[in-house]
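Colleague: No letters, just coordinates:
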């Protein structure tokens, strides 16, 4: 009786051990993201004089509205509305 070799994959315990150590090394490598902010972006993130003036004006208007001293000029309001919608 003759026994033929049945497609048994070669077993190499050293290769499997080597694969396990390589996988462990890859997992230990920590990849981190880096963020670099350009000088132009830093300048844009700073508060501009326009925003500070706008904030001051908003605070003044809030105070006038709360105290009841804010008066609406209907002619000026209508002119600004017309100018806005004609754009």
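Modeller: That came through fine. What you see is a predicted model, and the numbers here were worked out from it, not measured in a lab.
Colleague: Phi, psi for residue 82 please.
Modeller: Torsion angles at residue 82 (phi, psi; degrees, to the nearest 10) stand at phi -60, psi -50.
Colleague: Tell me which residue is most central in the protein.
Modeller: Closest to where the C-alpha atoms of the chain average out (Cα atoms, centre = their mean) is residue 35, at 10.9 Å.
Colleague: which SSE is that residue in?
Modeller: Per DSSP states H and E: residue 35 is located in neither a helix nor a strand.
Colleague: That one and residue 41: what is the separation?
Modeller: In this view, residue 35 and residue 41 are 11 Å apart by Cβ to Cβ, to the nearest Å. Where C-beta positions appear, they are placed from N, C-alpha and C, glycine not excepted.
Colleague: picking up where we left off before, for the residue nearest to the centre of the chain, give me the pLDDT.
Modeller: You'll see residue 35 listed with a pLDDT of 87.
Colleague: which helix in the protein runs the most residues?
Modeller: helix 49-67 (DSSP state H).
Colleague: Give the buried residues for that helix.
Modeller: Buried residues in helix 49-67, counted by 16 or more other Cβ atoms under 10 Å: none are found.
Colleague: I'm done for today, thanks for sticking with me.
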